[in-house]
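Engineer: Structure here, sequence nowhere to be found:
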């Protein structure tokens with residue numbers, strides 16, 4: 001029996017293994033290569049796309065069986081919409097040698113004993129949610145079931161949605177906030193590691209004006225300046241790349257770098273992380289024309305830009321782990337001009353990426369928030385997740401409601417009654433039937 005192989009308790013033979021994860025669209029190939037006989041796919045990637053990615057991970061073996069991936073939020077949609085989506089998943093699954101049809105991940109509360117009554121579902125029945133008028137909220141039980149009136153509806157429970165709902169509460173309104181995931185906070189979320197609750201995404205913020213600090217003060221939270229030096233936990237370099245250790249190790253962030261891009265690729269702290277060979281490749285950035293990687297015909301993503309200028313070593317050992325920790329996304333999925341506004345333009349103007357990074361760092365060092373000369377970087381005592389926790393508590397304490405596992409799939413305009421709008425089974429303007437907006441739920 002190979003390591004990690006499971007045996008059937010009845011036959012004693014090797015049992016098929018299904019590897020399933022959520023938010024693992026970029027890892028499907030690795031999941032296949034890990035030895036799975038079938039791979040589970042959540043609703044965040046199209047099933048056909050997932051089948052192609054899995055086949056590409058092992059071209060010799062070809063496609064593999066899949067499991068998934070109907071969006072759980074669809075359980076609350078009208079039957080015609082749900083049936084259409086089921087048919088689409090079944091059709092896509094025919095491209096695989098085997099297909100186990102099920103939900104992408106999780107069953108929202110209230111749906112665990114079959115299809116619920118329309119008035120008691122917890123999904124995206126936005127025609128049942130009252131927005132400044134009468135309506136019903138799914139997922140409530142006991143005396144709470146029935147007519148509830150809300151002054152506003154906020155879709156998405158990330159930091160922006162929580163802030164919007166909090167502002168509505170401060171204005172004397174009662175908002176309803178819905179979030180498709182099982183938690184609020186979005187990229188500002190917490191998890192338990194070693195028994196301690198800590199930030200899993202962003203852990204600090206940049207002070208620009210007083211909006212953030214005044215919000216924290218009103219919520220009873222205190223800011224703190226970051227202290228200590230962040231570190232990267234990285235595997236050893238390839239043999240001959242300049243590192244003798246064969247163990248994973250901690251490396252301090254380079255002193256002069258912007259999201260991992262070094263201003264001096266040959267600096268000792270950079271070489272220690274990426275190795276001599278990769279450092280010399282990165283230093284060639286200074287000899288390249290400023291047009292390399294910065295033209296309108298060049299790929300716009302951050303990974304392609306960094307690789308074109310400084311090579312794969314800087315991307316894999318510095319930029320990718322740092323960007324993933326800050327933005328919870330791969331650099332290949334992020335536009336360079338969005339994550340680092342103006343950096344590509346500055347590279348073209350100054351002639352190199354290293355020069356553009358040096359200019360950015362100089363501006364950052366000179367910039368102050370105007371209060372005692374403090375750094376623009378700040379954190380929240382106890383963790384940034386305390387901010388999103390406090391926002392949710394304030395919303396609910398002010399008469400609003402926050403509901404997770406409740407995704408929005410479509411909106412339906414309602415009939416007008418006097419001065420107030422009422423949600424109902426109306427039709428869209430122009431006689432068009434209401435339809436689900438394709439793609440991820442608004443919080444994804």
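Structural biologist: Great, that's in hand. None of these values were measured; they are calculated from a predicted model. Residues are numbered from 1 along each chain as shown.
Engineer: Please give the element, helix or strand, for the nearest residue to residue 282 once chain neighbours are set aside.
Structural biologist: Of all residues not flanking residue 282 in the chain, residue 265 sits nearest, at 3.5 Å (Cβ to Cβ, 6 or more residues apart in numbering). For every residue, glycine as well, the C-beta is placed using N, CA and C. Of the helices and strands defined by DSSP states H and E, none includes residue 265.
Engineer: Let me see the ranges of the strands in the stretch 301-444 of the chain.
Structural biologist: 377-380, 401-403, 416-417, 420-421 (DSSP state E, counting those that start in this stretch).
Engineer: tell me which strands and helices the first one is in contact with?
Structural biologist: The one in question is strand 377-380. Secondary-structure packing of strand 377-380 (3 or more Cβ pairs under 8 Å, 6 or more residues apart in numbering; DSSP states H and E): strand 205-206, helix 211-218, strand 223-224.
Engineer: repeat that with 6 Å
Structural biologist: Contacting strand 377-380 under the criterion 3 or more Cβ pairs under 6 Å, 6 or more residues apart in numbering; DSSP states H and E is no other helix or strand.
Engineer: Which residues belonging to it are considered buried?
Structural biologist: The neighbour-count check on strand 377-380 (16 or more other Cβ atoms under 10 Å) flags 378, 379, 380 as buried.
Engineer: Mind telling me which of the strands of the stretch 301-444 of the chain the model trusts least?
Structural biologist: Averaging pLDDT over each of the strands of the stretch 301-444 of the chain singles out strand 420-421 as the lowest, with a mean of 40.
Engineer: Stretch 183-197 spans what distance, first to last residue?
Structural biologist: This stretch, stretch 183-197, spans 14 Å end to end (Cα to Cα, to the nearest Å).
Engineer: tell me which residues of it are tucked away?
Structural biologist: Within stretch 183-197, judged by 16+ other Cβ under 10 Å, the buried ones are 184, 185, 186, 187, 188, 189, 190.
Engineer: for the record, mean pLDDT for it?
Structural biologist: Mean per-residue pLDDT for stretch 183-197: 85.
Engineer: same thing with stretch 92-106?
Structural biologist: 83.
Engineer: Ok, stretch 305-323 next?
Structural biologist: For stretch 305-323, mean pLDDT is 95.
Engineer: what does that stretch contact?
Structural biologist: Applying Cβ atoms under 6 Å, 6 or more residues apart in numbering, the contact partners of stretch 305-323 are 232, 259-260, 273-274, 278, 281-282, 285, 292-293, 303, 331, 336, 353.
Engineer: Helices - which of these land there?
Structural biologist: 273, 274, 278, 281, 282, 303, 336, 353 (DSSP state H).
Engineer: Between those, which sits nearest residue 71?
Structural biologist: residue 303 (28.4 Å; Cβ to Cβ).
Engineer: Was I right to think residue 173 contacts residue 151?
Structural biologist: Yes. Judged on Cβ atoms under 6 Å, residue 173 makes contact with residue 151 at a distance of 3.9 Å.
Engineer: For residue 328, see how far away the nearest residue to residue 103 once chain neighbours are set aside is.
Structural biologist: Leaving out its chain neighbours, the residue that sits closest to residue 103 by Cβ to Cβ, 6+ apart is residue 72, at 4.8 Å. Counting by Cβ to Cβ, to the nearest Å, the separation of residue 72 from residue 328 is 21 Å.
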